[in-house]
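Colleague: have a look; sequence and predicted model below, questions after that.
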Amino acid sequence: MAAVSPDTILLTGRVAVVTGAARGIGLAVAEALGAFGAHVAVCDRVKPPHGSGKLAMTLDVRDHVAVEVFAQAVRERWGRVDILVNNAGGTFHAGFADTSPRGEQILIEENFTQVTGMIRRLLPMMPPGASIINVTSSEAHQAAPGFAVYAAMKAALESLTKSLALELAPRGIRVNAIAPDALQTEGEAGVRERMLARPLPYDPVRLPPLGHMGDPCDAAGAAVFLAGDLARFVTGTTVHVDGGISAAGGWRRR
């Protein structure tokens, strides 16, 4: 690529895989990658809506057998993966002492080990120039009372992103992360509603420094950038899509 041009942002002909793509950030990312020309394969525990991908499967990313079937379907359809967006994840609000060992294991599997499993299965299909994008959270970078294990797993995913960026650099594969916050999604609204239903020693309802909430499409824009040639020299970093929350150290406007 000699210079930046309007065609640089296009993803025409590339094969993208997006997990957790039935709604929210995952759905927005899948639709955006498709709009910029990529062939998109999606999966989710809930059936992804029609049009979110050219290959869609309903599965739990923690199910190793189901993930292998999904990976094989992608292999048979296109033979390679140029973009992998690990978006699937989940959490619940509970104090650390109130989180059972089973609840902790669920958080670990939903937010970390399923990501390493997906990468292992798809990495053999990834050519030079491929891009892995891990969706983490602002909680990976700051204290998160009521979400201690979830935040720890997102921080682990941030560390994994940096280590894999160096390990895979000789193969020409880039690895980056997106850390969203204050985006209006169904999942975010549900967690916030449950938080407001109990007394807390802090105020969970504040606006980010920009003064308004964001949208899943804001995260999708970051994914399109990291997936394509505009970010060909970007690896091992995190794009914070949070209206300035990270820069403010957790401070928010009332």
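Modeller: Sure, I can see it. Numbering: from 1, shown residues only.

Colleague: any chance you could map the strands in this structure?
Modeller: Assigned by DSSP state E, the strands in the chain fall at 15-19, 39-44, 55-58, 83-86, 131-135, 174-180, 238-241.

Colleague: so where is the protein shaky, pLDDT-wise?
Modeller: Across the chain, the ranges flagged by pLDDT under 70 are 1-2, 187-205, 250-254.

Colleague: check which helices and strands the lengthiest helix in it is in contact with.
Modeller: Ranked by residue count and defined by DSSP state H, the top helix of the chain is helix 148-168. On a contact count with 3 or more Cβ pairs under 8 Å, 6 or more residues apart in numbering; DSSP states H and E, helix 148-168 meets helix 101-108, helix 114-122, strand 131-135, strand 174-180. C-beta coordinates here come from the backbone N, C-alpha and C atoms, glycine included.

Colleague: for that helix, C-alpha coordinates in PDB please.
Modeller: Extracted as PDB, the C-alpha positions of helix 148-168 are listed here (Å, rounded to 0.1, in the frame of the first residue of the first chain):
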ATOM      1  CA  ALA A 148     -14.200  -8.400  40.300                       C
ATOM      2  CA  VAL A 149     -13.900 -11.700  38.400                       C
ATOM      3  CA  TYR A 150     -15.300 -10.400  35.200                       C
ATOM      4  CA  ALA A 151     -12.800  -7.500  35.300                       C
ATOM      5  CA  ALA A 152     -10.000  -9.800  36.000                       C
ATOM      6  CA  MET A 153     -10.800 -11.900  33.000                       C
ATOM      7  CA  LYS A 154     -11.000  -8.900  30.800                       C
ATOM      8  CA  ALA A 155      -7.600  -7.700  32.100                       C
ATOM      9  CA  ALA A 156      -6.300 -11.200  31.300                       C
ATOM     10  CA  LEU A 157      -7.700 -10.800  27.800                       C
ATOM     11  CA  GLU A 158      -5.800  -7.500  27.500                       C
ATOM     12  CA  SER A 159      -2.600  -9.200  28.500                       C
ATOM     13  CA  LEU A 160      -3.200 -12.100  26.100                       C
ATOM     14  CA  THR A 161      -3.800  -9.500  23.300                       C
ATOM     15  CA  LYS A 162      -0.300  -8.000  23.800                       C
ATOM     16  CA  SER A 163       1.500 -11.400  24.100                       C
ATOM     17  CA  LEU A 164      -0.200 -12.800  21.000                       C
ATOM     18  CA  ALA A 165       0.600  -9.600  19.100                       C
ATOM     19  CA  LEU A 166       4.300 -10.400  19.600                       C
ATOM     20  CA  GLU A 167       4.000 -14.100  19.100                       C
ATOM     21  CA  LEU A 168       2.100 -13.700  15.800                       C
END
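
Colleague: output the strands of the chain in JSON lines; the columns should cover mean neighbour count and distance to residue 167.
Modeller: As requested, those are exported to JSON lines (neighbours: other Cβ atoms under 10 Å; distance: least, Cβ to Cβ, whole Å):
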{"stretch": "strand 15-19", "mean neighbour count": "29", "distance to residue 167": "20"}
{"stretch": "strand 39-44", "mean neighbour count": "27", "distance to residue 167": "24"}
{"stretch": "strand 55-58", "mean neighbour count": "18", "distance to residue 167": "28"}
{"stretch": "strand 83-86", "mean neighbour count": "28", "distance to residue 167": "15"}
{"stretch": "strand 131-135", "mean neighbour count": "26", "distance to residue 167": "11"}
{"stretch": "strand 174-180", "mean neighbour count": "25", "distance to residue 167": "8"}
{"stretch": "strand 238-241", "mean neighbour count": "20", "distance to residue 167": "17"}
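
Colleague: so for residue 146, which of these sits nearest?
Modeller: Closest of the strands of the chain to residue 146 is strand 174-180, at 18.2 Å (criterion: Cβ to Cβ).

Colleague: so what are the sheet partners of the closest one and their directions?
Modeller: Taking DSSP bridges as the criterion, strand 174-180 forms sheet pairs with strand 131-135 (parallel), strand 238-241 (parallel).

Colleague: so who does residue 83 touch?
Modeller: Contacts for residue 83 (Cβ atoms under 8 Å, 6 or more residues apart in numbering) come out as 11, 14, 15, 16, 17, 33, 38, 130, 131, 133, 227.
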